[in-house]
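> what would the 3D arrangement of this be:
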Amino acid sequence: MAYTRTPTSDLIRRLGQALYGEHFDADLANALGIAKRSVRHWRNGENEPQPGVWGELAELVAERRETLAGLAEELAQRVAAEPESVK
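I've put the predicted structure just below:
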């Protein structure tokens, strides 16, 4: 079936790519404990996610945000510790 652009499909694509990269279907499906084809159907605008999925996606984004914030802090400490000539 052809890709039908919908607000849901656009959001699923942006979330999937931000979390797992360009080819995100399998990784996102695994994280949600669902079949890869379900993610593909959402991405293609064929179906809407089941109730509760948006909350699970929000949790995944929050977890990633926490991980990235920790990494950003660690990098900032490393940059601050570099000699002035390197900065």
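
> output the below-cut-off pLDDT ranges for the chain.
1-3, 86-87 (pLDDT under 70).

> report all helices and strands that the helix of greatest length in the chain contacts.
Longest helix of the chain, by residue count under DSSP state H: helix 53-81. Here helix 53-81 touches helix 7-20, helix 25-32, going by 3 or more Cβ pairs under 8 Å, 6 or more residues apart in numbering; DSSP states H and E. (Glycine included, C-beta is placed from N, CA and C.)

> to residue 38, which of those helices lies closest?
Closest approach to residue 38 among the helices and strands packed on helix 53-81 is made by helix 25-32 (6.6 Å; Cβ to Cβ).

> may I see the buried residues of the closest one?
25, 28, 29, 31, 32 (16 or more other Cβ atoms under 10 Å).

> what's the closest of these to residue 80?
residue 31 (33.8 Å).

> if I look at that closest one, how far off is residue 44?
19 Å (Cβ to Cβ, to the nearest Å).

> pick out the residue nearest the middle of this structure.
Nearest to the mean C-alpha position of the chain, counting by Cα atoms, centre = their mean, stands residue 19 at 2.3 Å.

> is it in contact with residue 65, as I believe?
No. The criterion here is Cβ atoms under 8 Å, and residue 19 misses it with residue 65 at 10.5 Å.

> got the contact list for stretch 19-30?
15-17, 31, 35-36, 38-40, 43, 60-61, 64 (Cβ atoms under 8 Å, 6 or more residues apart in numbering).

> stretch 58-67 now?
Contacts of stretch 58-67 (Cβ under 8 Å, 6+ apart): 15, 18, 19, 31, 32.

> if I pick the last one, what's in contact with it?
Just to be clear, that refers to residue 32. Contacts of residue 32 (Cβ under 8 Å, 6+ apart): 39, 53, 56, 57, 60.

> swap the cut-off to 10 Å and go again
38, 39, 49, 50, 52, 53, 56, 57, 60 (Cβ atoms under 10 Å, 6 or more residues apart in numbering).
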